[in-house]
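Visitor: How does the following fold in three dimensions:
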Amino acid sequence: MNPQPPSRPVQLPLGIRWDDTARLATFHAGSNARALASVEALLRGDEAVLYLHGPASTGKSHLLQAAARACGERGAPVAYLPLGEP
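Guide: So this is what the prediction gives:
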């Protein structure tokens, strides 16, 4: 009997595409004002790490793309890699 190799984690690609309209100014925070404030704190340098989580359709992808755009506009190196594309 051959032993099975240890299982390895698998990256699950998400169907998220770049939204050219995603900006912090266009994010309608509503009940997610804390998430917006956390992203703004990260961009100011007040925070070093940010983990956004929550249910679907709460603006996580919008905030991610808006933060990437804001960093790029400031001259920081930014990469957005949608893993679902070939």
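Visitor: which non-adjacent residue is nearest the residue most central in space within the chain?
Guide: Ranked by distance to the mean C-alpha position of the chain (C-alpha atoms, centre = their mean), the top residue is residue 64 at 3.2 Å. Spatial nearest neighbour of residue 64, excluding adjacent residues (C-beta to C-beta, 6 or more residues apart in numbering): residue 52 at 7.1 Å. C-beta here means a position set from N, CA and C on the backbone, and glycine is covered the same way.
Visitor: chain center to the helix or strand bottoming out on mean pLDDT in the chain: distance?
Guide: The weakest-scoring helix or strand in the chain, judged by mean pLDDT, DSSP states H and E, is helix 60-73 (a mean of 91). Its chain's C-alpha centre and that of helix 60-73 lie 7 Å apart, by C-alpha atoms, centre = their mean, to the nearest Å.
Visitor: do the same with stretch 59-69
Guide: Using C-alpha atoms, centre = their mean, the offset of stretch 59-69 from its chain centre is 5 Å.
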